[in-house]
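Engineer: need a 3D model of the following:
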Amino acid sequence: MPGMVERISPKDAKARLDEGWTYLDVRSVPEFEQGHPAGAYNVPLMHMGAGGMEPNPDFIAAVEASFPKDAKLVLGCKAGGRSFRAAQQLEARGYTHVLDQRGGWSGATDPFGRALEAGWEQEGLPSATDAEPGRSWAELSKKV
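Structural biologist: Okay, the predicted model is just below:
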């Protein structure tokens, strides 16, 4: 059902990866390079631009060039906002197994900065700073 993206915790996301799901980090390249779930692919929903964050016009095309519509994808970002929007976009394009990881990399906070949910990093889950071969935006964007 479109618009009904399932949202899971970082620990649940790790369990899905252990079952063979793929982690798709939709943060910008600089954010991804500062740390990401081990083995993640980086396809930014937004790019860091001169005027702040700008939409990545190649987001959908890059995902479609890299993953079939039935790929099992866990999406994550910094705190859960971008990945939820990205998951909705992918479902609208016919992707059938898309999950959004709540809390993202850094954890979700309320408007007062209080922690609502721990992120991947706070949970101490396996992380990396370098992309595995074929999983960086520089490489994935060449498929578009």
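Engineer: how about the helices in this structure?
Structural biologist: Secondary structure of the chain (DSSP state H): helices located at 10-18, 29-34, 59-66, 81-92, 137-140.
Engineer: could I get the CA-only coordinates of the last one as CSV?
Structural biologist: Spelled out, it's helix 137-140. Output of helix 137-140 as CSV, limited to C-alpha atoms (Å, rounded to 0.1, in the frame of the first residue of the first chain):
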residue,chain,number,x,y,z
TRP,A,137,27.9,7.7,-5.0
ALA,A,138,30.9,8.4,-7.3
GLU,A,139,30.6,4.8,-8.6
LEU,A,140,26.8,4.4,-8.5
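Engineer: can you give the distance of it from its chain's centre?
Structural biologist: Relative to the centre of its chain, helix 137-140 is centred 14 Å away, using CA atoms, centre = their mean, to the nearest Å.
Engineer: what mean pLDDT does it get?
Structural biologist: Averaging pLDDT along helix 137-140 gives 97.
Engineer: which regions of the chain lie under the pLDDT threshold?
Structural biologist: Residue ranges of the chain with pLDDT under 70: 1-3.
Engineer: swap in 90 and give it another go.
Structural biologist: Low-confidence segments of the chain, defined by pLDDT under 90: 1-4, 48-53, 115.
Engineer: which residue lies farthest from the center of the protein?
Structural biologist: Relative to the C-alpha centroid of the chain, counting by CA atoms, centre = their mean, Phe112 is the outermost residue, at 24.6 Å.
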